[in-house]
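Asker: Predicted model and sequence below, questions to follow.
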Amino acid sequence: MTTDKTYDIVIYGASGFTGRLVAEYLAQKYGDTADLRWAMAGRSAEKLAAVRDEIGAPASIPLVIADASDPESIATMVASTKVVLTTVGPYQLYGSDLVAACAKAGTDYVDLCGEPPWMRQMIDLHEETAKQSGARIVFSCGFDSIPFDLGVHFLQTAAIEKFGAPMNRIRGRVRKMQGTFSGGTAASLKATMAAAAKDPSILKLLRDPFSLAPGHEGPEQPRGTKPLYDDVIDSWCAPFIMAPINTRNVHRTNFLSDYPYGKSFVYDEMMVTGPGEKGEAIANAIANTDSMGKDGGPKPGEGPSKEEREAGFYDVLFVGTDGDKRIEAVVTGDKDPGYGSTSKMIAESAICLVKDPINTGGGIWTSAPALGDKLIKRLIKNAGLTFDIV
């Protein structure tokens, strides 16, 4: 990747709800300084300028006009920056040309994607190009899937230090969570389901826990689609809506890193609902709720108030076991997962690519092998996350 770029980071989609939060974070953290040269991009200069004023960003922050329907504008944006940070989803509808352009130009890229079939398509089409150009394409740099991908990485690092070997089995258990999923996440799920209805091969990828690890066939994985009593943590658990993307990213991390977790690694994610009849009742209620499929939630471009974002949080327990060995880690976030925390995580991921000395070559990556411990340190220092062995 060449370094003679006008910008370090361009936020593509900065006039949208999540993109605006990312821009606000950078404005508050960095303002307009030589230390971080960043710009706001989108379809409308008028809307971008209004957002820039509303978030209190310096008037000197550049505005870049780029539209997913105009490949030339996308190519121009990509050529101008070291990293494209994109919040413009669903990515399967608006992101393919951008990934192709970044891979070709050697420009780094981070997104909030939770669309496994599209991600696999991009891997198949552009990974070799990205390797040759040096472009580091890092998918899923928000609540899906940073707390989970880095949480497993963090636990396995501690397990190797303590036991001399990784844990063969890890359970990801969401113990507490307050906040809404983003409108973009819901729209992405609907777009994926619509695509799967037309193409059986997409449905096959959705069912494959190793769909993002081409050629790897690991052991059978827990499906996590029904309530169960988990005797390892003595609690009822319910299906977790983000598990289908997070688990696949964790298995891709293992695949990309030459299986540091082992080729027989088993991983699943569920929500903790508590012990006894009450815990079982809550688990069943969650399992029968289609909150992501309903029309009453936020639409893309919409989201919760600042007060609601500030009041949000999450707490995820990771339990690693292997025979009689056991180790636990906890990852927490201090804002609502879908917006407040996500906007900080993707911003720090982009900054990590620009500022930190990481030995990541070109390719299509997940957060752990691409950014790893450097990003964990940034998230703890700047983004309100905690990572602890308990």
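Answerer: Done, it's in.
Asker: switch to C-alpha atoms for all contacts and neighbour counts from now on
Answerer: Will do.
Asker: mind listing the strands in the stretch 251-390 of the chain by residue range?
Answerer: Applying DSSP state E, counting those that start in this stretch to the stretch 251-390 of the chain gives strands spanning 266-274, 313-322, 325-333, 363-365, 386-389.
Asker: any chance of those in TSV, plus mean neighbour count, distance to Leu205 and mean pLDDT?
Answerer: Shown next, in TSV, are the strands of the stretch 251-390 of the chain (neighbours: other CA atoms under 10 Å; distance: least, CA to CA, whole Å; pLDDT from 0 to 100):
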stretch	mean neighbour count	distance to Leu205	mean pLDDT
strand 266-274	24	17	98
strand 313-322	21	26	97
strand 325-333	19	29	98
strand 363-365	25	18	98
strand 386-389	16	31	98
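Asker: Asp208: which of these is closest?
Answerer: Nearest of the strands of the stretch 251-390 of the chain to Asp208, taken as CA to CA: strand 266-274 at 13.2 Å.
Asker: What helices and strands are in contact with that closest one?
Answerer: Judged by 3 or more CA pairs under 8 Å, 6 or more residues apart in numbering; DSSP states H and E, the packing partners of strand 266-274 are strand 169-178, strand 235-239, helix 243-256, helix 276-287.
Asker: picking that back up, same list as before, the strands of the stretch 251-390 of the chain that is, but in a markdown table and with distance to Arg43 included.
Answerer: Below are the strands of the stretch 251-390 of the chain laid out as a markdown table (distance: least, CA to CA, whole Å):
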| stretch | distance to Arg43 |
| --- | --- |
| strand 266-274 | 38 |
| strand 313-322 | 32 |
| strand 325-333 | 32 |
| strand 363-365 | 26 |
| strand 386-389 | 36 |
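Asker: right, and the helices and strands packed on strand 266-274 - which one's nearest Met122?
Answerer: Among those, if distance is taken as CA to CA, the winner is helix 243-256, at 13.9 Å.
Asker: Tell me the buried residues in that closest one?
Answerer: Going by neighbour count (16 or more other CA atoms under 10 Å), the buried part of helix 243-256 is 243-256.
Asker: Distance of Thr192 relative to Pro222?
Answerer: Separation of Thr192 from Pro222 (CA to CA, to the nearest Å) stands at 22 Å.
Asker: Look at those two and report which has more neighbours.
Answerer: Between Thr192 and Pro222, counting by other CA atoms under 10 Å, Thr192 is the more crowded of the two (22 against 12).
Asker: Just give the nearest non-adjacent residue to Thr86, would you?
Answerer: Nearest non-adjacent residue to Thr86, counting by CA to CA, 6 or more residues apart in numbering: Tyr12, 4.7 Å away.
Asker: Same check on Trp38?
Answerer: Ile9 (4.7 Å).
Asker: Give me the mean pLDDT for stretch 119-139.
Answerer: For stretch 119-139, the mean pLDDT works out to 98.
Asker: my bad, should have said stretch 85-95
Answerer: In this model, stretch 85-95 has a mean pLDDT of 94.
Asker: Name the residues of that stretch that are buried.
Answerer: So, applying 16+ other CA under 10 Å, buried residues of stretch 85-95: Leu85, Thr86, Thr87, Val88, Gly89, Pro90, Tyr91, Gln92, Gly95.
Asker: right, and out of these, which lies closest to Asp124?
Answerer: For those, the nearest to Asp124 is Gln92 (14.2 Å; CA to CA).
Asker: Wasn't the closest one part of a helix?
Answerer: Yes. Assessed by DSSP: H, G, I helix; E, B strand; the rest coil, Gln92 belongs to a helix.
Asker: Which helix or strand in this protein has the lowest average pLDDT?
Answerer: Each helix and strand of the chain was given a mean pLDDT (mean pLDDT, DSSP states H and E); the minimum falls on helix 183-198 at a mean of 75.
Asker: Tell me which helix or strand comes right after it.
Answerer: As assigned by DSSP states H and E, the chain's next helix or strand after helix 183-198 is helix 200-207.
Asker: which stretches of this structure have low pLDDT?
Answerer: Within the chain, the ranges that satisfy pLDDT under 70 run 1-3, 32-33, 180-185, 290-301.
Asker: Nearest the middle, which residue of it would you pick?
Answerer: Ser140 (2.6 Å; CA atoms, centre = their mean).
Asker: residue contacts, the closest residue to Tyr94 other than its chain neighbours?
Answerer: Computed as CA to CA, 6+ apart, the closest residue to Tyr94 that is not its neighbour in sequence is Ala68, at 5.8 Å. Contacts of Ala68 were listed using CA atoms under 8 Å, 6 or more residues apart in numbering, and they are Ile74, Tyr94, Gly95, Asp97, Leu98.
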